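K.L.:
Build me a model:
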Amino acid sequence: MAVDELDTRILRLLIEQPRTSVREYARILGVARGTLQARIDRMEREGVITGSGPALSPAALGHPVLAFVHIEVTQGHLDDVGDALAEIPEIIEAFSITGGGDLLTRVVARDNGHLEDVIQQLIQLPGVVRTRSEVALRERVPRRLLPLVESLARKPGASS
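P.N.:
A predicted model of the protein is given here:
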(Lines give C-alpha, C1' and ligand atoms only; values in the text may rest on other atoms or scores of the structure.)
Protein backbone atom coordinates (compact mmCIF):
# COMPACT_ATOMS: atom_id res chain seq x y z
CA MET A 1 0.00 0.00 0.00
CA ALA A 2 1.30 3.46 -0.83
CA VAL A 3 1.35 5.87 2.08
CA ASP A 4 1.11 9.59 1.57
CA GLU A 5 2.16 12.47 3.77
CA LEU A 6 -1.09 12.44 5.80
CA ASP A 7 -0.87 8.67 6.36
CA THR A 8 2.70 9.17 7.59
CA ARG A 9 1.61 11.92 9.99
CA ILE A 10 -1.20 9.70 11.28
CA LEU A 11 1.15 6.75 11.80
CA ARG A 12 3.66 8.98 13.59
CA LEU A 13 0.96 10.10 16.04
CA LEU A 14 -0.28 6.54 16.59
CA ILE A 15 3.29 5.45 17.39
CA GLU A 16 4.33 8.45 19.48
CA GLN A 17 1.02 9.11 21.27
CA PRO A 18 -0.80 5.75 21.32
CA ARG A 19 -3.26 6.68 24.08
CA THR A 20 -4.64 9.79 22.40
CA SER A 21 -8.22 9.81 21.12
CA VAL A 22 -9.16 9.94 17.44
CA ARG A 23 -10.78 13.32 18.09
CA GLU A 24 -7.51 14.68 19.50
CA TYR A 25 -5.48 13.21 16.60
CA ALA A 26 -7.82 14.97 14.17
CA ARG A 27 -7.38 18.26 16.02
CA ILE A 28 -3.57 17.92 16.05
CA LEU A 29 -3.48 17.08 12.34
CA GLY A 30 -6.04 19.71 11.35
CA VAL A 31 -8.28 17.22 9.54
CA ALA A 32 -11.90 16.16 9.99
CA ARG A 33 -12.46 13.31 12.43
CA GLY A 34 -14.23 11.33 9.69
CA THR A 35 -11.26 11.74 7.34
CA LEU A 36 -8.88 10.55 10.04
CA GLN A 37 -11.07 7.58 10.98
CA ALA A 38 -11.44 6.59 7.30
CA ARG A 39 -7.64 6.67 6.89
CA ILE A 40 -7.09 4.57 10.02
CA ASP A 41 -9.80 2.09 8.95
CA ARG A 42 -8.21 1.76 5.48
CA MET A 43 -4.74 1.17 6.95
CA GLU A 44 -6.18 -1.47 9.30
CA ARG A 45 -8.08 -3.15 6.44
CA GLU A 46 -4.96 -3.21 4.26
CA GLY A 47 -2.81 -4.62 7.07
CA VAL A 48 -0.59 -1.56 7.59
CA ILE A 49 -1.88 -1.15 11.16
CA THR A 50 -1.93 -4.58 12.77
CA GLY A 51 -2.64 -3.80 16.41
CA SER A 52 -3.00 -1.16 19.06
CA GLY A 53 -2.03 -2.92 22.25
CA PRO A 54 0.74 -1.89 24.62
CA ALA A 55 4.37 -2.74 23.90
CA LEU A 56 5.60 -4.97 26.71
CA SER A 57 9.13 -5.41 28.02
CA PRO A 58 10.17 -9.01 28.69
CA ALA A 59 13.01 -7.66 30.87
CA ALA A 60 10.58 -5.72 33.05
CA LEU A 61 8.50 -8.91 33.30
CA GLY A 62 11.50 -10.72 34.81
CA HIS A 63 13.01 -12.12 31.59
CA PRO A 64 16.07 -9.94 30.84
CA VAL A 65 17.99 -12.56 28.83
CA LEU A 66 17.31 -12.51 25.08
CA ALA A 67 18.65 -15.16 22.74
CA PHE A 68 18.23 -15.97 19.09
CA VAL A 69 17.94 -19.71 18.68
CA HIS A 70 18.33 -21.30 15.25
CA ILE A 71 16.56 -24.64 14.94
CA GLU A 72 17.32 -27.30 12.37
CA VAL A 73 14.29 -29.49 11.67
CA THR A 74 13.89 -32.91 10.08
CA GLN A 75 12.33 -32.57 6.63
CA GLY A 76 8.57 -32.71 6.74
CA HIS A 77 8.31 -31.64 10.39
CA LEU A 78 8.48 -27.86 10.05
CA ASP A 79 4.77 -27.28 10.75
CA ASP A 80 4.77 -29.68 13.72
CA VAL A 81 7.79 -28.00 15.28
CA GLY A 82 6.30 -24.56 14.62
CA ASP A 83 3.10 -25.61 16.37
CA ALA A 84 5.10 -26.95 19.33
CA LEU A 85 7.06 -23.69 19.59
CA ALA A 86 3.79 -21.80 19.99
CA GLU A 87 3.22 -23.75 23.22
CA ILE A 88 6.46 -22.52 24.85
CA PRO A 89 5.83 -19.14 26.52
CA GLU A 90 9.48 -18.07 26.41
CA ILE A 91 9.42 -18.20 22.58
CA ILE A 92 8.26 -14.69 21.72
CA GLU A 93 8.77 -14.96 17.95
CA ALA A 94 9.56 -17.70 15.45
CA PHE A 95 10.26 -17.49 11.73
CA SER A 96 10.88 -19.99 8.94
CA ILE A 97 14.19 -18.97 7.39
CA THR A 98 16.67 -19.78 4.65
CA GLY A 99 20.35 -20.34 5.32
CA GLY A 100 21.82 -22.01 8.39
CA GLY A 101 18.74 -23.61 9.87
CA ASP A 102 15.02 -23.92 9.31
CA LEU A 103 13.61 -21.74 12.08
CA LEU A 104 14.84 -18.68 13.91
CA THR A 105 13.32 -17.92 17.30
CA ARG A 106 13.56 -15.11 19.80
CA VAL A 107 13.70 -16.59 23.26
CA VAL A 108 13.54 -14.74 26.56
CA ALA A 109 14.63 -16.13 29.91
CA ARG A 110 15.04 -15.17 33.56
CA ASP A 111 18.76 -16.02 33.50
CA ASN A 112 21.26 -18.20 31.63
CA GLY A 113 20.18 -21.33 33.50
CA HIS A 114 16.58 -20.74 32.50
CA LEU A 115 17.70 -20.18 28.91
CA GLU A 116 19.49 -23.53 28.98
CA ASP A 117 16.28 -25.17 30.26
CA VAL A 118 14.28 -23.66 27.39
CA ILE A 119 16.89 -24.81 24.85
CA GLN A 120 16.81 -28.32 26.33
CA GLN A 121 13.04 -28.26 25.92
CA LEU A 122 13.50 -27.29 22.25
CA ILE A 123 16.02 -30.08 21.63
CA GLN A 124 13.52 -32.64 22.92
CA LEU A 125 10.78 -31.63 20.48
CA PRO A 126 10.04 -34.33 17.88
CA GLY A 127 11.56 -33.24 14.57
CA VAL A 128 14.27 -31.00 16.05
CA VAL A 129 17.73 -32.08 14.89
CA ARG A 130 19.86 -29.40 16.57
CA THR A 131 19.87 -25.86 17.83
CA ARG A 132 22.37 -23.03 17.74
CA SER A 133 22.03 -20.09 20.11
CA GLU A 134 23.26 -16.53 20.19
CA VAL A 135 22.70 -14.41 23.30
CA ALA A 136 21.97 -10.73 22.72
CA LEU A 137 24.21 -8.46 24.77
CA ARG A 138 22.57 -5.07 24.20
CA GLU A 139 19.83 -3.72 21.98
CA ARG A 140 21.38 -1.28 19.51
CA VAL A 141 18.31 -0.39 17.43
CA PRO A 142 14.94 -1.03 19.04
CA ARG A 143 12.10 -2.33 16.89
CA ARG A 144 10.90 0.61 14.88
CA LEU A 145 8.91 1.19 11.73
CA LEU A 146 8.43 4.94 11.58
CA PRO A 147 11.69 5.60 9.66
CA LEU A 148 10.57 3.06 7.04
CA VAL A 149 7.12 4.64 6.77
CA GLU A 150 8.63 8.10 6.42
CA SER A 151 11.02 6.90 3.72
CA LEU A 152 8.12 5.40 1.74
CA ALA A 153 6.17 8.65 1.86
CA ARG A 154 9.18 10.51 0.40
CA LYS A 155 9.76 8.13 -2.50
CA PRO A 156 8.78 9.25 -6.01
CA GLY A 157 5.41 7.87 -6.99
CA ALA A 158 3.99 7.91 -3.44
CA SER A 159 0.44 9.16 -3.60
CA SER A 160 -0.37 12.59 -2.20
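
K.L.:
May I have the residues that are in contact with residue 37?
P.N.:
By C-beta atoms under 8 Å, 6 or more residues apart in numbering, residue 37 lies in contact with residue 22. Any C-beta I mention is one placed from the backbone N, CA and C, and that applies to glycine too.

K.L.:
Please apply the same query to residue 22.
P.N.:
Counting by C-beta under 8 Å, 6+ apart, residue 22 touches 33, 36-37, 40.

K.L.:
which of those residues tops the neighbour count?
P.N.:
The most crowded member of the contacts of residue 22 is residue 36, carrying 21 neighbours; neighbours defined as other C-beta atoms under 10 Å.

K.L.:
Tell me the helix or strand right after whichever strand or helix holds that one.
P.N.:
Assessed by DSSP states H and E, residue 36 sits inside helix 33-45. Using DSSP H and E, the next helix or strand after helix 33-45 towards the C-terminus is strand 65-73.

K.L.:
and that next one, which residues are buried?
P.N.:
Buried residues in strand 65-73, defined by neighbour count with 16 or more other C-beta atoms under 10 Å: 65-67, 69-71, 73.

K.L.:
Repeat that for stretch 141-149.
P.N.:
In stretch 141-149, counting by 16+ other C-beta under 10 Å, buried: residue 149.

K.L.:
tell me how far the ends of it are from each other?
P.N.:
16 Å (C-alpha to C-alpha, to the nearest Å).

K.L.:
Now do that stretch, average pLDDT.
P.N.:
On average, the pLDDT along stretch 141-149 is 91.

K.L.:
Helices of the chain, residue ranges please.
P.N.:
Using DSSP state H, the helices of the chain run over residues 5-16, 22-29, 33-45, 78-85, 112-123, 146-154.

K.L.:
Generate JSON lines for those, with distance to residue 136 as supplementary columns.
P.N.:
JSON lines is the format used below for the helices of the chain (distance: least, C-beta to C-beta, whole Å):
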{"stretch": "helix 5-16", "distance to residue 136": "23"}
{"stretch": "helix 22-29", "distance to residue 136": "35"}
{"stretch": "helix 33-45", "distance to residue 136": "31"}
{"stretch": "helix 78-85", "distance to residue 136": "19"}
{"stretch": "helix 112-123", "distance to residue 136": "11"}
{"stretch": "helix 146-154", "distance to residue 136": "21"}
